[in-house]
Every structure is written in structure tokens, then in C-alpha cells.
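Undergrad: Predicted model, plus sequence, below.
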Amino acid sequence: MQRLLLFVCVLGTFLFTILGSAQAQQRTITGTVTEAETNEPLPGVNVFVNDTNIGTSTNENGEYSLSGVPADADSLVFSFVGFQRLSVFIGNRSEINVTLQPTIQALNDVVVTSFGIEQERKELGYSTQQIDGENLTIGNQSNLVNSLSGKVSGVEITNTGGAPGRSSRIVIRGVNSLDPGADNQPLFVVDGVPIDNSTIESSGTPRGMSNRAADLNPNDIASVNVLKGSAATALYGVRAANGAVIITTKRGEAGATEIDLSSTVGFDRINAYPEFQEVYGQGFSFQHDPESFWPNWGAKIEEVRENINPDWQYYDIWRDAAQTGVQVDNSINVSGGNENATYYASVSNLQHEGVLPYGNWDRTSVRLSGDISPRENLTVQASAYYINSGGNRVLGDRFMESMMYWAPTKDVTNFEKEDGTMRGYYNNEGSGGNPIYQAKHWTYEDDVNRILGNVTVNYSPTEWFNVLYTLGSDYYSDQRTEIIPGPRGVENENVVSSTGAIEETRINSRDLNSTLNLTFRKDVTEKVSTRLRVGNDIFDRSFNNVVSTGNDFVTPLFYHLSNVRDISLSQTIRQRRLIGAYGDLMINYDNFLYLNLTGRNDWSSTLPEDNRSFFYPSANIGFTFSDIIDLPDHVTYGKLRASYSMVGKDAPVYATSNTYNTPSQFPLAGQVGFSRSNVRGSADLKPEQTTTLELGTDLRFLDNRLRFDFTWYKSNSRDQIFDVPISNATGYTRIITNAGEIENKGIELQIEGRPVQSQDFVWDVAVNYSRNRSEVIEIAEGINQILLGSSFGYAGSSASIQLTEGDPFGNIYGRSYERYYASGEPEDNIYLDKDRPIVIGDDGFPVINNDQKVLGNTQPDWIGSIRNDFSYKNFNLTFLINAKWGQDVYSQYDNFFTAFGITKNTLDREDYRVFEGVTADGQPNTQEVWLGQGLDPEGRIDPNTGLVRDYGAGYHRNVKRGATEEFVLDASYIKLRNIRLAYSLPQDLVTDLGLRRVTLSTTATNIILYTPFSGFDPESRAGGASTNAQGFTALDYPGVASFFFSVNLSL
Amino acid sequence: MKIFSKQILIFCITTVFVLTGCEGFLDINDDPNNPTEAPPQGLMTNVTYETAQNMYRMGSITSYYVQYLASPNQASATDVHEAVSYGDQWYQLYDVMTDLSDLEILAEEEGATQYVGIAKILKALNLATLVDAWGDAPYSQAFFAETLNPAYDDQENLYDEVFTLLEDGLIQLQQSNSTIVAGNEDFIYGGDITKWQQLAYMLQARYLNHYSEQTSYDPEAVLAALDNGFQSNADDAQVTYFEEQVNPWASVAIANAGLILGGWMSEQIVDHMNGTTYGVIDPRIEMFMSTNVDGDYVGVTNGAGRGNAPEQGAFSVLTTDDFYSARTAPIIIASYAEQKFIEAEAALMATPSQTTRAYQAYMDGIEAHMDKVGVAEVDKQLYMNDPVVDVGELNLTIDHIMKEKYVAMFLHPESWVDARRHDYAYDDMDPPANSSLGGDWIRRLIYPESETQRNGENVPEISRTDNLFWDQ
């Protein structure tokens, strides 16, 4: 808090100084603007005095003359479409000539790597990819992770549906853990300070809580750099073993005060629906029954309307229950400063209502940062970031499950009776849960208060020596309240829960990071220069979560912990500390050959004392061959790079000891029971190790108008620390051990180009492509399989994701139709051979094989994207098309659609069919069967009984819904990730209005262009960002497309 | 380079200083959430509670085999004796025996002889329950992770261990000066050591009686053991459930009411009690189950499923109004009624046959159970005087005893032992429809996947139709 106060004081002083500067005489400034690469004059460039409406533009010779410049004006701004905006100090000059750099990645572009240190890309022997803030915010995604989607090769983003504030998962170059719960997401670093990006899911069915990086306001971000391999992250130590996302926030620039206002309103709608059948209504076995539990197996709606009930009708309940989501995002930032001090302050507010009613998420952030240079060789930066976020999280899975049961012959939106109780759809409205009623009353609200703070001191006492010290903290509290309403005390009411419950969750998390970095530079000879960095960092995390659960309300509608019959409490405390020390030596030979050697030692609190210290090195080399070899004229630049690196990883907390715990049912009758913990700790754990080999090249052609970047990598993670399941007879169910190995290898390709560049028109294209292949090389002795996760399916059709030795990561297992093998199926065959004929049983229906077979794989074959950016005069059109190809998903939706006869593919229920396949003896099947329920309508006799054949619950319920194979589906997609049309008001007009810039834009995001998947958005995955078991839809929140309208003003 | 070295030196000194000063800084990995030692009383609470739970867990399988329950779904795996991996039951039995092993050691260290005695008796009970379902099982190399692949002990040797545990338990309970006096943390008897001793004898009788098909069967030994056993229903070993933690069968009933189907009655038990099979209505039927919407007791044929019947109202099910599935109903571990039927069987089988004692025990067993579940005196007498029940001393056969014991052991896993010893020879009992064993009866459980996957080389090759050693 004191730091915050200090900031307010400092900022106040700045503002006072700047605003207080007096007016004086005017002058005229002239000059020429040229293009940096070609030195050609640039016509049409906007030139104006910073912080004023005094401006002009260059003529056809690139010349300008700007009169009426106030004597105290300190800088001129030059801006032109397709070029980097430039701000220049005026000083005493009356002639200012400038060159403008094209906005395409320039040759010696600078990227931010470890600890907020800027490095020239040329120096790097490994692949990184940087996205600037403007590109980041094009899609108006409120979650920073989503805004990376399709923009970086080698990075897989998985969203968990379109709910406001929901978590998104980011994985770089594949999963490298065998443990389902292991963290495989990269470390997030903001201005040199690692922050917490964990997702703490709700208890019970996951509601899709936020990943904590969603707290960051994307408008505050200047750039994001993704460090992919462990070479790039060796310097961050164990926490960056999965890569790192380096975020640099906007800071003030020397010059006049700049104020930016941005306002966006957006509308969401569900972007894809399955095809629902509208023919059959409530009942079973083709019988009309308006009081039946069965929503869709009854008589034809039209026949009932004609013959029985003229009011009987079909409601489009899936669209009726959803609404248009609305989001409003406003932000303002003020920045400026002088040579000695700059500042940046922003305030933003986002309010987002989801497409499923009663769900929302809001975020308010306040950010203050300042840089002071009291002396030329000393800079002190500090910032404080306060965020309040949270909302009511609709339980999407429960909502959609209730939709499954709801009869489309009843109005789903008429959900509440006059007495406040839930209106059901059968048993005289007394039974059947209504999704909207449940969403309204069964609430789960989170309220996060978070403060990110950091101070950085950068001191260069001599030219060859620099000290950088950063101290950062990340503190948040997350208060959650879940209310499950109990009975309201009305007779025969349709209850959400027969008891009701309240759950209060109090999470407190605090991270501290201290980083000291010393840099020494020395030119050894004229051609050889060296740079040595040594450093130390300390990390301390403290986490405390207390959950109190109360069940069974005494007084209806009074939702308080004091008003329950049964209370239970639980507490989780976690503490983790790390100390790291590292060295990083860079040897530069003649500015074209760079050799970089690093070594790091970590000490982790989570490992046994004897093994807590571990060292790992890396080496990489960057060779700019274009500097020493004569290349054809059209080749501008060429670089080869190679790296080999190791990175260690420590254990989860408290994995080294054995404990007793209190099973959750206690206390009972005043007694507390204890039981030995099921997980056996290991007192001799050693760190995990990942080695990565990476080779790549960066080629640029035609004066940098075409850039081509290719990377090949292979990483092996060994000695994995994970829970190995063991025989329960040992007294444990799992033992924590070091075992197993997983390999990921793949390629990444980026192509960037500017096909057209003329005076008024610029066209930029960027392509990203990546593919990753994984293999589980080894699990652990005596263990054949690791269960990553499973998803329910009716009639034994549950699917699971299992890891087996020698197979790729992410295989989906389940029941399939039996396939015909003339000489018997090989016993160890675990892959389903879909090319073989299906075995048809004596009953004429496909035979279901209960053995678990591999039915698909959750990992994509490849991910690709193409971005086009067109600028014509004041218009800019940009769109990003993104494809994820060849990944399978187990669709619980389709399993339920089949079980309940919801979708169009159950309209064959009155058909006769001869199933394609062979009988047990290999002969083609010829038996014709009926697909409906009950007795054969044509009265065909069942030879076994001599009676009319009774098909019971029918094909869909008796056969199809029990075959997992039917619901493991290709979820490939091509999406229009975003498209934006922006228009900048002409400078003259803007100037007349007293403004500096005005941009209007409209954006659409997440529009499905193609998918073989028939249901909701194929991209959405259940389970939250934190689990490695990605590949199930569950019945979770559907994906949405959004449409935005934005205004950006600068004054 | 000279300056480099100096700077590096300074840094290294600083780092070393920081690290040495911080040795304690990293010593924070002792789990603050869970203790490394447990109080013996806490272990006692858990093992008594979980032993009762285990009776439910095993009963939730065996009740389908002995046809108390039937699945509402056609050809449901358990219902048709499929090879199902009952990993949870296996795990829970080992979990309790693990805690009992720890409790035994801890109590011995502290000189808490009462605790040692109780631990041994409960271990015997859980071990026998395990063996009676699976046969051979890891024991001598189990519980302390000395090996991750514990060997399997022979089932007969494990039975020897059961008797040893019971005898050693009795010896411990006869010691005075236990440093811990058992009390309310004991959910079964609230620290009543006399009753624990009675239970040990009752269990001796139960497990000796399992040898009924063996040449080594010694009815006299059974009778001698149960003379020291229970004296009345008040001695029953059971755990009464709690409002905040309801009886697990009540949970089944509550879930069924919420359409998560379970606890549906088999046609077998319904016909057994509603007069269909024997022509006399057993008044306990209304304490066991609900009627359907028409007021009739109707069961599902095992393996056949409910057909087109709706989820509710067509068949008899467990409800929270019934004796065994009320919210705070007890889970019965061992009962006086069961002991009486053991007595009847042993007396009948003794050489020479003690028919008077057998008949008295048979009738006492019926009466004890009727009292237990709360049958009105009039109804009790009516049933007990019916000639189908009151068959007369000279006409008493093992079938009569097993028929009545079948009712008295409702939902208890011991009933499956009886069914196998009795070769499923209950009146009108047929293998389930859609039997996965082609009409043969299931004789044991297959080993769970947790064992075949994680301890594969030690797992014996067995089939579901292989008899256990006492079932020949």
C-alpha cells in the first residue's frame, strides 16, 4: 500500500511538472522524411506536434513545413501507415529530417528474453516469436492466452468454451509429462517478474474458472515474446521448463503527455449448433406421453398436434435457452514524461455477460508504472498493478445436461413458477431440472483481488558493467461462494437439491521473486567481444486455501453457513521456495557468429535435502552466414542457429514424506478418524531432466520483404516425477517416483512477407505452421498404462485417455464395434482397425467389443494460421485464419444426443436396415432389422420366440450409445480467428477536433469456416486449463463467435 | 579479465553467503496439511467405520449374485456375473488392513492391549472377507511397501492367519492395564471389551463353519466357539450411521429416487418373501423394500432388466423408509441371528446330529432377526407358527436353515459364502438371464485391474467358476 501511495505522489509530481509548463512563442520547423531501407522520400506522412493538434503532412518529395510550433513543444511525431510511429525531440532545431522504419520485422529487431533484457534476434541461437501489443489485441480477447491463438508457431491454445472469464490452456511443443496433473504450461513473466497463471478449478464438476493470466488487461501489454525451447528458458530455471511467455507492459515515453481512450462493445453468440430433430416429441416407444421423463422418444409432434393436442409444438429450446452475450470494455491510459522520468497509468473495466444466462465475469484493473533516471547511468522502474476480477460461473456442464433431458415440446424459458419454485417438464411440471432456473439459483461466484508489484533498479557504473535487480510480488485473494438452493418449503416442489448446500472458499496466494543480474562486457580483440551475465534469483510461494462446506439448510432461502445441519472444513497449505544461480557467457565473433554458454544451479525446497541442488547447462550458436558469404542479391539475410540444452524440474510439494490424513467424512459423532495416506512419498527423489536439441534458420529476401524462419526440435523429458500406481496390497495406491520418458519432436515454420507496398496500399502476410509428434518412450517398471482421464458415456461407452509405452501421447480408448478377423484377432492388438468389416450378431445388430481399443488421438496433426493485413490510406483490414487439424475428441454430447434421440441422426428410428458387415463366420450380413423401439411395426416374427419381434429400447439406446467408437470424432477445424476493419479518421479532421488520433474498428472473431465435427464448437474442451487430459467435450460450455465495435481516441 | 574475476568473486561470496544463510530457508517441505503420525484413537475410529463400509461395499456386489438385488438394466455386468474388476472393494479392504497394521504396531508400542486386540480381530474379519471373495491374496508381503510386487499367499494359509489373529486378539483383550482404554472412538462397541471378545468367538464360529464341505469340518468346534459368542441382539457388531453421513444403502435409495438407478429388488428375494415361493408372506418384506405404484411387491429378474418399464414405480426398491436403507440404519457386521443359524447348521451337522439344539437355534434365529427389524409380535408369531416355517424338529434340513438365514443376512456379503456352500440351491433360484457364464454360477471374483496391471507377475490365473478351497 505504501508503494502505491508513493506512486501516486510521484505521478502527481510528473503531471504537475508537465501540465504546468508555460506557453511561449511559436516557431516553424521544416524537414524531409525518408524511407529507412531505400532512402526514398516518403509522401503523405503525418507530422504533428506531440500533445497538440498542430500538424501537417509531407509533400510528394517527402518534405514538410510545420508552422505555429510552440516554443516549449518538446517533440514531433511522424506517423504513416505501414511504418513505425516515430517521436523526435525538437530541442533548438528548426530542421528535422527523419527516416521511418517499415513495421515489418526489421533486420536487427530486438526481442525481450530473460529478465526483461532486450536482445538482438541476431544473437540468439534458438527460436523465439514476438507479438506486439497491437497485433495481440486485434481479436479483442479479454483473456491474454486466447489472444495468442494462431499467432505463434509451436504453441497450442485450447479454450474451454465461450464462458466469460474461462481459462484457456497454452502448451508449447507438446506435453512433456506423464503425470495427468503436472503443470505443462509455460511460465508467465511480466516485466521480468514471474507471475502466477494457475487455474484453480471449482470443486465438483469444473465450472471453468479463470487462469490467472486472464487478470491482465491486454491493452496494457506492449509485446509478448514466446520462448519455446529450454535453451531460451535455461535462465529461468525449473519453473520455465515448459517454456516462457515474456510479457512487456507499456511504459511511458519521453515527450508530451499522451492520453488514449479505448471503448469496445461486443456481442457473443454460440458459433455452431448440432442439428436437432424436430419430428418426435415426449414419450417412449413412439407413444405420446406429455408426462414422460423421455424427451424425444415419443410420437410425432405433428401427429399429436393434429389428433390429440392442438397446442403440442416443437420449441427450439437450445437456441431459446441461450442469449446474446454482451461485453463492454473501456480503458484509459495516460503516459508521458521527460528525459529523466516517464510514467504510464491506466484504468480499465470489462464487463462480460455470457451466452448462457446468469453467467458473467468482470475485470477492473488499475496500473501505475514509472521510470526514473536520477543519473544517466541509473534507472529505477517501479509498477503496481491492481486487479479485481470475478463473476458468477454458470455450471455449463450441468446446464447442458439439463438441456439434454428437457423435452422440446415444453417451453424451456418458462422456468419459474409463481411461488418461486422450479417448473419441471414432466409429472405435472413437478419433475425435471430446468437449466435456466438452475443457472439462476445455483450460483458460484468468485471475487479475486490481486496486486502485482515490482521494482527494478538498473545501474551501469561503467560502460562494461551493469547491475539489474528486480523485486516482484504477486499477491491475490480469491473468495468464492457456491450456493445450491435447497427446498423453498413449498409442498411438492421440484427442487434443485433436496438439502441445499453452501460452500465458502478462501484462497490466499503470494509469490515473491527476487532477481539479481550482473552483466559484464569486454571486447577481447577487435573482432571478439564477450558478455558475461551472472545472477541469482529467489522464489517464494505461499498458498493457503480454506474451504467450508455446509449441507442441508434449516431455514429455506437463508443461505448462510450458520443455517446448515452439517458443516465440514478443509484446508490446504502449500509452500515452495527456489534459489537459483546462473552464468551466461556470450562470445561474439565479428557480429556474425555468436556462441552462448549457460549454466544454472537450482536449489528447491521440494526435493530431499541431498538432491535439492542440481546443475544444468546449455549451449547455442547463432551464425549469420549472409555477413560473410556472398549471396544472390535477392537474399538479404541468412542465419543458422543450433542449440542443445538441459533444464531441470523439481518435485511437487510434500512428495518426500509419508503422512496420515483425515478422510473427508469426519468428524462423525465428535470423533476424527485418521488413515494412512495413499500416496507413498519418496525420500530420494531427484530432479526431472529435459534435454532439447533445436536447429533452425532465419532467411530474408527482397530487402526484408519476405522472411522465412524454420525450426526443428526434439526434446526428451526423463526421470519424470510422477505418481506411479502400485498394487494396493502394498498399503498405498501410488508411489511418487522418478521414472519414465516422453519425447516430443516437431517442426515450426514462419513466413512473413509484404507482397505489396505502394504509397497508399500495403499488404502484409504472415503464416505459421507447426507439427509435433510425441512418444511415450518409457513409463515405469511394472506399469503398462497411465490413465490420464476419462469421460462418462452411457451403457459402458465411457472413454479414457491412456498413456502406453511406445505410443503417442493422448490415445483415446473405449468400446468399439467388433471387427472381423478370419483367424482371430491378435491378442495384443490395441488399435481399432476401421477398415475391417464389422461383425454383425445373430440379432442383426453390430456386436460391441468390450475390450478397450485405441479409437483416436487427442493431439493435432498440425496447427497452422495465415494472417493478412491490408492497409489502404486510412483503412486497415486484417484477418487471421487458423486451422487445427487431425485431432480427435470424445463427444459426450453425441453420446447423450443418441441416448435421448435429440439430433437428426436419430431420425432413422422408423427405418429398416441391413447393417453392413459380416456375421461371425465371415459371411456378409443379410438380416434386416428395425431401428425403432418396441414391436416390429410390420409384425415380422422373431424366429427365436415365434412372436412379433420386440426391439425393446431400440437400436440407438441398445446398441449405438454403447459404442464409444461412434462418439470419438474428428474435431479438426478451420476458423476465421479474427477479422477487423479499422478506419483512422483523416489527420486534418482529427486535428480540427482537437485530437491526435481517432480509430474506429469493427471485429468478428471465432467464426467456424470448416469442420467435419457436427456439434458445438469443435475447439472447446472440458476440464479446465490445468489438466493434461484434454480431449473430452463433456457437456461443457459451447464456443461462441463475437462481434465487436471499438473506438480508440488519442489526445 | 582481472576485473571480471574480482566481480565474479564478489558475487560468488555473496551467493555462498546467501545460500548458507538460507539452508533453513529451503527446509519447508514437511507437509503442513497432514501429520506424519496419527493418534491411535483416530485410527480406531477410521477402521471401525471403514470395516462397516466394507460390509456394504462387498454386499453391493454379492447381493446381485445371491439375488437380493437385480439391475434395472438388461445384462448389467454384475447382474450377469461378468468378469468385473472390483478395484474399489479390493482397495478398501487393503486400506483398512493397512491402517489396522499401523494401529497394531502403534498400540503395541504404547502397551494399549485393548487396541492391539481389537485391531487383530478386525484384521481377521477384513482378511476373511477378502479371501472369501478372491481366494489367494497378498498378505505376508503386504501393507508396508517392502516390495512393490507383493507375492500372493495361499487362501488356506490365510484362513489359518484369520484364526491366529482371532486367538491373539482374544489373548490381548484378556490383558489388564491397557494404556489406552477404548471408548467412543470405537464405532462398533463404544469400547465394550466383553462384546469384542464375544465377536471374536462369533467370528471363529463363522469361519470354522465355512469348512462345512471339507472333511476337516468340526461342528463341535463351531458350537464350542459360539458358546462364548453373542447372547442377544444387543451384542450385534454394527455401526449405526449418522445424519451427516448416511447409511450407504440409504445413499443408494436416495440416488435411485433421483433417477441414478440402484437398489432394485430381485424377483428371487421378492418371491421368497411375498408368498410366491413358499406360500407364506414373510412380514419382514415391508421392512426390506417398497411396493410398486400398485402396492405390489415386484422384483426384476436378474439379468433381464426392467424392459420398457419406467425408472420409477414399477418395481420394488430400497427406500429410506426401510430397515436396511434408512438414513441412520446400522450396517450389520455380525449378528446374533446369524450366529443362531450357524449354531443350527453346526448342531444339525454334528455327529450325532443335535437336532433339538439345531431346531431351537433355527427358531431363535428367525425370532432374533424379526425382533431386530421390528416385526410386530402378532405378525412374528403368525409367521413362526406357519407350518412352512415351523417344520418340526425332525423335519429340519439344511435347506430350511439356509432359506431362513438367506432372509436374515439380507444384503450381507456372508450370504454369498452361504450360497456357494449351499451350491445356490435355494428354491426357484436360477442363473441370471443373459448369463455371462452360460448358466454356471459365479464362485469367485477375478483379480482387479489394479493388480493385473501393477502386480501382474504375481496374480494367480483363475476363472470365475473356480471354487475356493472351502467350496468343494
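TA: Nice, I can see it.
Undergrad: Does the nearest residue to A:Ser645 once chain neighbours are set aside fall in a helix, a strand, or a coil region?
TA: Leaving aside its chain neighbours, A:Ser645 sits nearest to A:Ser618 (3.3 Å; criterion: CB to CB, 6 or more residues apart in numbering or on different chains). To be clear about C-beta, it is placed using only N, CA and C from the backbone, and glycine gets the same treatment. At A:Ser618 the chain is in strand, as set by DSSP: H, G, I helix; E, B strand; the rest coil.
Undergrad: Skip the chain neighbours and tell me the closest residue to A:Asp888.
TA: Spatial nearest neighbour of A:Asp888, excluding adjacent residues (CB to CB, 6+ apart): A:Gly856 at 3.0 Å.
Undergrad: For the one you found, list each beta-bridge partner.
TA: Beta-bridge partners of A:Gly856, counted by DSSP bridges, are A:Ile812.
Undergrad: I'd guessed the residue nearest to A:Ser645 sits against A:Leu597; true?
TA: Yes: counting by CB atoms under 8 Å, A:Ser618 touches A:Leu597, with 7.5 Å between them.
Undergrad: Between the two, point out the one with more neighbours.
TA: Counted by other CB atoms under 10 Å in any protein chain shown, A:Ser618 and A:Leu597 do not tie: A:Ser618 has more neighbours, with 26 against 15.
Undergrad: Check the gap between the more buried one and A:Gly237 for me.
TA: Per CB to CB, to the nearest Å, A:Ser618 is found 12 Å from A:Gly237.
Undergrad: who's A:Thr711 bridged to?
TA: In this entry, A:Thr711 is beta-bridged to A:Gly696, A:Glu748, by DSSP bridges.
Undergrad: How much space separates it from chain B?
TA: The gap separating A:Thr711 from chain B is 33 Å, by CB to the nearest CB, to the nearest Å.
Undergrad: Counting neighbours, what do you get for that residue?
TA: A:Thr711: 24 neighbours (other CB under 10 Å).
Undergrad: Can you pull out the low-pLDDT segments for the chain?
TA: As the question left the chain open, I've gone with chain A. Scanning chain A for pLDDT under 70 picks out A:1-25, A:53, A:81-82, A:103-118, A:230-234, A:782, A:1024.
Undergrad: look at chain B instead
TA: For chain B, applying pLDDT under 70 flags the ranges B:1-23, B:258-259.
Undergrad: Strands of that one, residue ranges please.
TA: Secondary structure of chain B (DSSP state E): strands located at B:137-138, B:152-153, B:237-240, B:330-334.
Undergrad: just checking, what packs against the longest one?
TA: By that I understand strand B:330-334. If you count contacts as 3 or more CB pairs under 8 Å, 6 or more residues apart in numbering or on different chains; DSSP states H and E, strand B:330-334 packs onto helix B:40-65, helix B:193-209, strand B:237-240.
Undergrad: Render the CA-only coordinates of that strand in PDB, please.
TA: The C-alpha trace of strand B:330-334 is given here as PDB (Å, rounded to 0.1, in the frame of the first residue of the first chain):
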ATOM      1  CA  PRO B 330     -26.900 -49.700  11.000                       C
ATOM      2  CA  ILE B 331     -24.600 -51.700   8.800                       C
ATOM      3  CA  ILE B 332     -24.500 -55.100  10.500                       C
ATOM      4  CA  ILE B 333     -21.100 -56.700  10.600                       C
ATOM      5  CA  ALA B 334     -22.000 -59.800  12.600                       C
END
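Undergrad: so that strand versus helix B:40-65, what angle?
TA: 90 degrees (axes from the mean of the first three to the mean of the last three CA atoms, to 10 degrees).
Undergrad: Note down every partner strand of strand B:330-334 and its orientation.
TA: strand B:237-240 (antiparallel).
Undergrad: Run the chain-centre distance for the strand it pairs with.
TA: 12 Å (CA atoms, centre = their mean, to the nearest Å).
Undergrad: Residues in contact with it: which ones?
TA: With CB atoms under 8 Å, 6 or more residues apart in numbering or on different chains as the contact definition, strand B:237-240 has outside contacts at B:48-49, B:51-52, B:187-189, B:195, B:199, B:202, B:328-335.
Undergrad: Assign a three-state SS to the nearest residue to A:Asn882 once chain neighbours are set aside, would you?
TA: Leaving aside its chain neighbours, A:Asn882 sits nearest to A:Gly150 (3.4 Å; criterion: CB to CB, 6+ apart). Counting by three-state DSSP, the backbone at A:Gly150 sits in coil.
Undergrad: What about A:Gly150? Give its phi and psi, please.
TA: Dihedral pair for A:Gly150: phi 80, psi 0, per degrees, to the nearest 10.
Undergrad: Could you check how many residues crowd around it?
TA: Neighbour tally, A:Gly150, other CB under 10 Å: 23.
Undergrad: again with the one 10 residues further on
TA: By the criterion of other CB under 10 Å, A:Thr160 has 28 neighbours.
Undergrad: Touching, A:Phe592 and A:Tyr637? I think so.
TA: No: checked against CB under 8 Å, the pair A:Phe592 and A:Tyr637 is beyond contact range at 10.8 Å.
Undergrad: what sits in contact with each of those two?
TA: Shared contacts of A:Phe592 and A:Tyr637, defined by CB under 8 Å, 6+ apart, comprise A:Thr624.
Undergrad: Which residue is the nearest non-sequential neighbour of B:Tyr115?
TA: Using CB to CB, 6+ apart, the nearest residue to B:Tyr115 is B:Ala107, at 3.5 Å.
Undergrad: got the residues of the stretch 201-350 of chain B near chain A?
TA: B:Phe242, B:Glu243, B:Glu244, B:Gln245, B:Ile254, B:Gly258, B:Leu259, B:Gly307, B:Asn308, B:Pro310, B:Glu311 (CB under 8 Å from any CB of the partner chain).
Undergrad: picking that back up, quickly compare the helices and strands packed on strand B:330-334 and say which is most buried.
TA: Mean neighbours per residue, mean count of other CB atoms under 10 Å in any protein chain shown, is largest over the helices and strands packed on strand B:330-334 for helix B:40-65, with a mean of 24.
Undergrad: Which strands and helices lie in contact with that one?
TA: strand A:675-676, helix B:87-110, helix B:113-134, strand B:237-240, helix B:248-257, strand B:330-334, helix B:414-421.
Undergrad: Please identify the buried residues of the fifth one?
TA: By neighbour count, and taking 16 or more other CB atoms under 10 Å in any protein chain shown as the criterion, the buried residues in helix B:248-257 are B:Pro248, B:Trp249, B:Ala250, B:Ser251, B:Val252, B:Ala253, B:Ile254, B:Asn256, B:Ala257.
Undergrad: ok, so of those, who is nearest chain A?
TA: B:Ile254 (7.7 Å; CB to the nearest CB).
Undergrad: which residue sits closest to the closest one, ignoring its sequence neighbours?
TA: Nearest non-adjacent residue to B:Ile254, counting by CB to CB, 6+ apart: B:Thr320, 6.4 Å away.
Undergrad: Can you name the residues that contact the one you found?
TA: B:Thr320 touches B:Ala250, B:Ala253, B:Ile254, B:Ala326, B:Arg327, counting by CB under 8 Å, 6+ apart.
Undergrad: And the residues you listed, which is closest to B:Asp235?
TA: Nearest to B:Asp235, judged by CB to CB, of those is B:Ala326 at 21.4 Å.
Undergrad: right, and that closest one touches B:Asn247 too?
TA: Yes: B:Ala326 is in contact with B:Asn247 according to CB under 8 Å; the separation is 6.6 Å.
Undergrad: okay, the two: which has more neighbours?
TA: Shown here are B:Ala326 and B:Asn247; by other CB under 10 Å, B:Asn247 has more neighbours (23 against 19).
Undergrad: how close does the more buried one get to A:Thr515?
TA: For B:Asn247, the distance to A:Thr515 - CB to CB - is 58 Å.
Undergrad: now do A:Val564
TA: Counting by CB to CB, the gap from A:Val564 to A:Thr515 is 47 Å.
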